[in-house]
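Asks: Have a look at this prediction, sequence included:
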Amino acid sequence: MTSIVMSVVDTHLHKFFNERALDRLRALGELSFDPDPLNHATEESRAMLREADIVVTCWETGSFDELLDDMPNLRLVVHSGGSIRAILGPEAFDRGIRMSSQTQVNAEPVAQYTVAMILLALKDIFHSHRRYVEKRDKDWQFWDEFENIGVYGATVGLIGLSRISRRVIDLLKPFNVNIKVQSGHLSDDQARELGVSAASMEEILSTSDVVSLHSASTPRTYHMLGAEHFAMMRDGVTFINTARGAICDQDALIEELKKDRIRAIIDVTDPEVCVPDSPLYTLPNVFLTPHAAGSMGRELFSLGDGAVNDVANYIMGGTVAGEILANEYNGRA
């Protein structure tokens, strides 16, 4: 019988896996729970892992890299979160160990957040709310100030062709918007297939009503967007960042926002927890959220279900949806 070990800290176990999900795992094999998922230091933990065919991991699970010599049966590690790098290195492939993560599943709520914000931004909801409050005791005609807003016929610019931006494209299909994408990986044929236009960074920034950032955070993309890029954005544009704060020169973005010329919806900052005295908290043209776009609350069960699906499909010889192949590790893990 297949040995399945849940190496998940107690605080996450029932946030990711409900009883139905755990029952599904029990039906697939002999399910046991690692008593030391953080460090794998106790003899009980080591003995359990020695027998494991499949290990299911989550946030805060400790690395297995130094334990692989003592895990001869291990064939699959299924991570319930996004990046698996802290848990398993690429050397595992040399041992015939397969791995998967739930990055694609987690892309769904990020894409939903992004599309919700795009639609609100195109209606200029945040700015109109601000003006409504400011003008509440004035003789003011709301409609006169917001003549050129709306979703219909608007231009949405996406920087980066990631899983999330692809899903954003899908979710925007019911709306009559023009989508432009900047990516070195986007061919003309792919653009036609996706129903978008390939565009340069300059075109995206200077012609879009909303610009949404979806690039990966790497040394190459550090501060990829700087003062000259924010200056290219036309008046009234909304910039959305659900990727990583370090991709932007945050100080340069703040300086441009202080001019009250553009708007911003910021879900990620640099550092990750925004410093208490950051102007992003108080600038009236900024809507700041605490990295809330990714899976939270009930959405974590979708990650757990995705992990269980990967285990089930592996055992039954099907396609492991979240699998990371050896040649994809550096880009996807």
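Replies: Perfect, thanks for sending it.
Asks: Span of stretch 123-139 from start to end?
Replies: Counting by C-alpha to C-alpha, to the nearest Å, you get 22 Å between the two ends of stretch 123-139.
Asks: which other residues reach that stretch?
Replies: Outside stretch 123-139, the residues that touch it by C-beta atoms under 8 Å, 6 or more residues apart in numbering are 120, 140, 142, 145-146, 149-151, 236, 263, 265, 284-285, 287. (C-beta placed from N, C-alpha, C; glycine too.)
Asks: Filter those down to the buried ones.
Replies: By neighbour count, with 16 or more other C-beta atoms under 10 Å, those hold 120, 149, 151, 263, 265, 285, 287 as buried.
Asks: which residue ranges form the helices in the chain?
Replies: Listed in chain order, the helices of the chain (DSSP state H) span residues 10-16, 19-28, 43-50, 103-122, 125-134, 142-145, 163-172, 188-194, 201-207, 227-232, 250-258, 300-315, 329-332.
Asks: which one of these lies closest to Ala292?
Replies: Proximity to Ala292 (C-beta to C-beta) singles out helix 103-122 among these, at 7.2 Å.
Asks: and that closest one, what does it pack onto?
Replies: In terms of contacts (3 or more C-beta pairs under 8 Å, 6 or more residues apart in numbering; DSSP states H and E), helix 103-122 is packed against strand 154-159, helix 163-172, strand 210-213, strand 238-241, strand 263-266, helix 300-315.
Asks: And those: which comes nearest Asp251?
Replies: Shortest distance between Asp251 and the helices and strands packed on helix 103-122, using C-beta to C-beta, is found for strand 263-266: 13.5 Å.
Asks: what sits against Phe11?
Replies: One thing to correct before we go on: residue 11 is Thr, not Phe. Applying C-beta under 8 Å, 6+ apart, we find Thr11 in contact with Glu60.
Asks: Could you measure from it over to Pro37?
Replies: 10 Å (C-beta to C-beta, to the nearest Å).
Asks: so what sits against both of those two?
Replies: Counting by C-beta under 8 Å, 6+ apart, the residues touching both Thr11 and Pro37 are Glu60.
Asks: could the contacts of stretch 123-139 go into TSV alongside pLDDT and distance to Gly245?
Replies: Shown next, in TSV, are those (pLDDT from 0 to 100; distance: C-beta to C-beta, whole Å):
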residue	pLDDT	distance to Gly245
Leu120	98	21
Trp140	76	36
Phe142	74	34
Glu145	78	32
Phe146	81	30
Ile149	91	28
Gly150	94	30
Val151	97	28
Gly236	95	23
Arg263	97	17
Ile265	98	13
Pro284	96	20
Asn285	97	18
Phe287	98	15
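Asks: Just flag the most distant two among the residues you listed.
Replies: Top of the distance list for these (C-beta to C-beta): Trp140 and Ile265, 25.0 Å.
Asks: Show me the shaky parts of the stretch 51-200 of the chain.
Replies: Across the stretch 51-200 of the chain, nothing is flagged by pLDDT under 70.
Asks: now with 80?
Replies: 140-145 (pLDDT under 80).
Asks: What residues sit buried inside stretch 167-183?
Replies: By neighbour count with 16+ other C-beta under 10 Å, stretch 167-183 contains the buried residues 167-169, 171-172, 175, 177, 179-183.
Asks: tell me the two of the residues you listed that are most distant?
Replies: The two members of these with the most space between them (C-beta to C-beta) are Phe175 and Ser183, at 21.2 Å.
Asks: quick one on the thing from earlier: put together a markdown table for the buried residues of stretch 167-183, with distance to Gln250 on each row.
Replies: Formatted as a markdown table, those follow (distance: C-beta to C-beta, whole Å):
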| residue | distance to Gln250 |
| --- | --- |
| Arg167 | 26 |
| Val168 | 23 |
| Ile169 | 27 |
| Leu171 | 28 |
| Leu172 | 27 |
| Phe175 | 30 |
| Val177 | 28 |
| Ile179 | 26 |
| Lys180 | 24 |
| Val181 | 24 |
| Gln182 | 20 |
| Ser183 | 23 |
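Asks: picking that back up, out of the buried ones among the contacts of stretch 123-139, flag the one nearest to Glu193.
Replies: The shortest gap between Glu193 and any of the buried ones among the contacts of stretch 123-139 belongs to Val151, at 23.5 Å (C-beta to C-beta).
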